[in-house]
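The sequence and its predicted three-dimensional model are supplied below.
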Amino acid sequence: MGMTGVLERRFALAERGTSARTEVLAGFTTFLTMAYIVLVNPAILGQAGMPVAGVAAATCFAAAFASILMGLSANVPLALAPGMGLNAYFSFTVVQQMGVPWPVALGCVFLSGIAFLILTLTGVRQLIVAVIPTHLFAAVAGGIGLFIGFIGLRNAGIIVANPATLVALGDLTQPGAILALFGLALIGALSVWNVRGAMLIGIVATTAVAWIAGQVVMKPEPYSLSALTGTAFKLDLPGVFGLTGSHGLGLLEILFVFLFVDLFDNLGTLVAVTKRAGLMDAAGKIPGLNRILVTDAVATVVGSMAGTSTVTSYVESAAGVQAGGRTGLTAVVTGVLFLATMFVAPYAQLVPLAATAPALIVVGGLMLLPVTEVAWEDPLAAIPAFLTVAMIPLTFSIANGLAFGIVAHAVLKLLRGTATRGDWFLFLLAALFVIRFAWMGGAA
């Protein structure tokens, strides 16, 4: 049996109306649309004190492992990588604001993956999914989008701190701001022209301009995959359990946020990608959902051991589906390309923040699309959704946004008189958030 026959049998290409050539091209397309994470993730986690070169290698390895596993085990054209939003939460909220050492934070990511796996295998995730209203799913995505965009604007120097107004417009004549605006214009132009890999091209081009302008100080390092050792197996599980230091109940909140956001971000991406690929059945269900969720959980566990934040499904997979991808072969090809990228990953530290900032701004904007699904004319949906969207970027905490949204929804449902006994888990979550704010003073 030739290679074509092996691929046909393994991925059921003919059954899904595709071919090996189409799947390979779709895999390249998906890779080009999400390869920016190789440059952006180290830039974000590096601000948590993590070795940038190590994070870059870990990012490539985690994306490769997860995407290949997804393709082989679930046979869906869904690629994975360290998630945008959760990496920002990891770096800016958990490490910088809460003062949690990054090895302990990695331990929290590891345990959230284990918890996700247990919830999937036991079916508890169905209870969690059922209790959260759909408008909060959309609001969380929008809030994270604003969060990411705000971080990009800050990294670019376009938005700066101001003692009178909290934030203000920065000096747009500074080299960093000029470079970021150039990159933003380039990525925007390429995107409206439907150029594949627009973000990656924009980052590379902006980096090149930064080098030409003398804004990058080059510090060559050995060209080796050994950079991965800077983050691999550095997670501190004893620290999570307070055996090597105490960080209070905040660690429980961290675990909840990593688990909650990964769960719903993954589900939202699954619905979008599988629906576009025509893989969703007539009842609106996703075939093999448990295998997909198990893969996601295992990927997060492996990713934390390699040295990166939560690994999750990427909505950019829809670009590969648009190019014709219908099977797991698309995801496998994407994973192989990430694996090849490991050989250049250590040099990601040579990319300045001003070059990655435009990608953060654009990705943040694209993540606002789900807020159109909120019934803004209905106060029961609009008020919790708005609080969620607003509080995530304004408090620099996904946890605070989730808390305000869930508590507001529970309170309004109670006041409206539509609460039932079946809402007990919703009110339990709301009560836990209220206790958290009262006990911890709203710190995140």
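It's in. Numbers count the residues shown, from 1 in each chain.

contacts, neighbours, all on C-alpha from now
Will do.

Which stretches in the stretch 151-300 of the chain count as helices?
175-192, 198-212, 237-240, 250-277, 289-306 (DSSP state H, counting those that start in this stretch).

okay, the angle between the first one and helix 198-212?
Right, the one you point to is helix 175-192. 150 degrees (axes from the mean of the first three to the mean of the last three C-alpha atoms, to 10 degrees).

For helix 175-192, which outside residues touch it?
Helix 175-192 has contacts (C-alpha atoms under 8 Å, 6 or more residues apart in numbering) with 156-158, 171-172, 198-199, 201-203, 205-206, 209-210, 215, 354-359, 361-362.

how about the helix or strand hosting Leu429 as CSV, C-alpha atoms only?
If you go by DSSP states H and E, Leu429 is part of helix 424-440. Extracted in CSV, the C-alpha atoms of helix 424-440 (Å, rounded to 0.1, in the frame of the first residue of the first chain):
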residue,chain,number,x,y,z
TRP,A,424,-27.8,25.5,42.3
PHE,A,425,-24.4,25.1,40.7
LEU,A,426,-24.6,28.6,39.2
PHE,A,427,-25.4,30.1,42.7
LEU,A,428,-22.6,28.0,44.2
LEU,A,429,-20.1,29.5,41.8
ALA,A,430,-21.5,33.0,42.5
ALA,A,431,-21.3,32.5,46.2
LEU,A,432,-17.7,31.4,46.0
PHE,A,433,-16.8,34.5,44.0
VAL,A,434,-18.5,36.8,46.5
ILE,A,435,-16.6,35.1,49.3
ARG,A,436,-13.4,35.5,47.4
PHE,A,437,-13.9,39.2,47.0
ALA,A,438,-14.8,39.6,50.6
TRP,A,439,-11.9,37.6,51.9
MET,A,440,-9.2,38.7,49.5
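
And that helix, what's buried?
426-427, 429-431, 433-434, 436 (16 or more other C-alpha atoms under 10 Å).

okay if I get the residues you listed as a markdown table plus distance to Val273 and pLDDT?
Shown next, in a markdown table, are these (distance: C-alpha to C-alpha, whole Å; pLDDT from 0 to 100):
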| residue | distance to Val273 | pLDDT |
| --- | --- | --- |
| Leu426 | 28 | 89 |
| Phe427 | 32 | 92 |
| Leu429 | 30 | 82 |
| Ala430 | 31 | 89 |
| Ala431 | 35 | 89 |
| Phe433 | 32 | 82 |
| Val434 | 36 | 88 |
| Arg436 | 36 | 73 |
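
can you list those in CSV and add distance to Met305?
Output for the buried residues of helix 424-440, formatted as CSV (distance: C-alpha to C-alpha, whole Å):
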residue, distance to Met305
Leu426, 33
Phe427, 35
Leu429, 30
Ala430, 32
Ala431, 34
Phe433, 30
Val434, 33
Arg436, 29
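
among those, which two are most distant?
By the measure C-alpha to C-alpha, Leu426 and Arg436 form the most distant pair in those, at 15.4 Å.

Just give the nearest non-adjacent residue to Pro393, would you?
Phe147 (4.3 Å; C-alpha to C-alpha, 6 or more residues apart in numbering).

Just want the angle from the helix or strand hosting the one you found to helix 250-277.
Assigned by DSSP H and E, Phe147 belongs to helix 134-156. Orientation of helix 134-156 against helix 250-277 (the same axes, to 10 degrees) gives an angle of 110 degrees.

residue ranges with poor pLDDT in the stretch 51-200 of the chain?
Along the stretch 51-200 of the chain, the model assigns pLDDT under 70 to residues 125-130.

Repeat the analysis, applying 80 as the threshold.
Applying pLDDT under 80 to the stretch 51-200 of the chain flags residues 123-132, 134, 137, 196-197.

Near Arg416, how many other residues are there?
Counted with other C-alpha atoms under 10 Å, the burial measure for Arg416 works out to 10 neighbours.

hmm, back to that, what angle separates the helix holding Leu429 from helix 250-277?
Using the same axes, to 10 degrees: helix 424-440 against helix 250-277 is 140 degrees.

need the next SSE after the strand or helix carrying Phe61, C-terminal direction.
According to DSSP H and E, Phe61 maps onto helix 52-74. Next along the chain after helix 52-74, taking DSSP H and E as the criterion, comes strand 80-82.

Return the list of helices and strands in contact with the helix or strand just after that following strand.
Proceeding C-terminally, strand 80-82 gives way to helix 86-88 as the next helix or strand, assigned by DSSP H and E. Using 3 or more C-alpha pairs under 8 Å, 6 or more residues apart in numbering; DSSP states H and E, the elements in contact with helix 86-88 are helix 37-46.

Name the residue closest to the centre of this structure, please.
Nearest residue to the geometric centre of the chain (C-alpha atoms, centre = their mean): Gly83, 1.9 Å.

That one and Val311 touch, don't they?
Yes - when contacts are counted by C-alpha atoms under 8 Å, Gly83 is listed as touching Val311 (5.5 Å).

I'd like to know how far Met84 sits from Leu252.
21 Å (C-alpha to C-alpha, to the nearest Å).

Which one's more surrounded, the two?
More neighbours sit around Met84 than around the other of Met84 and Leu252, counting by other C-alpha under 10 Å; the figures are 24 against 13.

Quick check: phi and psi at that one.
phi -70, psi 140 (degrees, to the nearest 10).

helix/strand/coil for the closest residue to Ala48 other than its chain neighbours?
Counting by C-alpha to C-alpha, 6+ apart, Ala48 lies nearest to Ser91, which is 4.8 Å off, once chain neighbours are set aside. The local conformation at Ser91, judged by DSSP: H, G, I helix; E, B strand; the rest coil, is helix.

picking up where we left off before, for the residue nearest to the centre of the chain, which residues are in contact?
Applying C-alpha under 8 Å, 6+ apart, the residues near Gly83 are 309-314.

isn't there a helix covering Phe110?
Yes - under three-state DSSP, Phe110 sits within a helix.

quick one: contacts for it?
300-302, 304-305.

ok, and the most crowded of those?
That'd be Thr300 among the contacts of Phe110, by other C-alpha under 10 Å, with 33 neighbours.

okay, that residue: pLDDT?
We have a pLDDT of 94 for Thr300.

I'd guessed it sits against Ala306; true?
No - when contacts are counted by C-alpha under 8 Å, Thr300 is not listed as touching Ala306 (9.8 Å).

shaky segments in the stretch 301-444 of the chain?
Checking the stretch 301-444 of the chain against pLDDT under 80 turns up 315, 318-319, 322-323, 345-350, 397-399, 436-444.

could you redo the last one with a cut-off of 90?
Residues of the stretch 301-444 of the chain that meet the criterion pLDDT under 90 lie in 313-325, 342-353, 355-357, 359-360, 362-371, 373, 392, 395-403, 418-426, 428-444.

At which residues are the strands of it located?
Assigned by DSSP state E, counting those that start in this stretch, the strands in the stretch 301-444 of the chain fall at 311-313.

one step back: out of the buried residues of helix 424-440, flag the one nearest to Leu414.
Phe427 (9.3 Å).
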